[in-house]
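Visitor: structure of the sequence below:
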Amino acid sequence: MKLDAIFISGRTVNQGVNLENKSSTAYFDAAGYCEMNSTDAGKISTDPGNNVKVTTDFGDVVVPMRICEGNPDGLIFIPMGPWANAVTSPDTAGCGMPGFKGIPATVEPTDEKAPTMPELMARLK
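Guide: Below you'll find the model as predicted:
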């Protein structure tokens, strides 16, 4: 079962605090997850902590899912970092910063393992 969604990314306090230790578990916990509201999680029959695969025209990534009731229906959020970058366009339109908002995506439950930052970097090269 897949959910059509809009993907956005942005900075979070925890993601920023852990920037200096990107290969740590703390950084993965701070930036390697996908938030959605409980209605959307119910549509794909998954629970918090279960892994989901987020796919866009630019790539895919597997991350644990978290609930954030502040997210509107159909909106998913992954903090800025390598996991968000895996599904973001590399095109910066000349400004040096990719577009982190409004990217059409699909989200589906998966039994695949979420990659650590070194594993993800090795895959993306």
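Visitor: any chance you could map the helices in the chain?
Guide: In the chain, the helices defined using DSSP state H lie at 13-17, 25-31, 38-43, 82-85, 117-124.
Visitor: may I see the buried residues of the longest one?
Guide: Think helix 117-124. Of all the residues in helix 117-124, those buried under the rule 16 or more other C-beta atoms under 10 Å are 117, 120. Quick note: C-beta positions are derived from backbone N, CA and C, even for glycine.
Visitor: distance from that helix to the middle of the chain?
Guide: 15 Å (C-alpha atoms, centre = their mean, to the nearest Å).
Visitor: next: the second one.
Guide: Here helix 25-31 shows a centroid-to-chain-centroid distance of 12 Å under the convention C-alpha atoms, centre = their mean.
Visitor: which strands or helices does that helix pack on?
Guide: Here helix 25-31 touches helix 13-17, strand 75-79, helix 82-85, going by 3 or more C-beta pairs under 8 Å, 6 or more residues apart in numbering; DSSP states H and E.
Visitor: the same query, at a cut-off of 10 Å, please.
Guide: Judged by 3 or more C-beta pairs under 10 Å, 6 or more residues apart in numbering; DSSP states H and E, helix 25-31 is in contact with helix 13-17, strand 59-67, strand 75-79, helix 82-85, helix 117-124.
Visitor: for residue 53, list each beta-bridge partner.
Guide: Counting by DSSP bridges, residue 53 is bridged to residue 62, residue 108.
Visitor: list the contacts of residue 78.
Guide: By C-beta atoms under 10 Å, 6 or more residues apart in numbering, the contact list for residue 78 reads 7-10, 15, 31-35, 54, 61, 63, 84-88, 100, 105.
Visitor: one more: residue 43?
Guide: Here residue 43 is in contact with 1, 2, 3, 4, 5, 36, 37, 73, 74, 107 (C-beta under 10 Å, 6+ apart).
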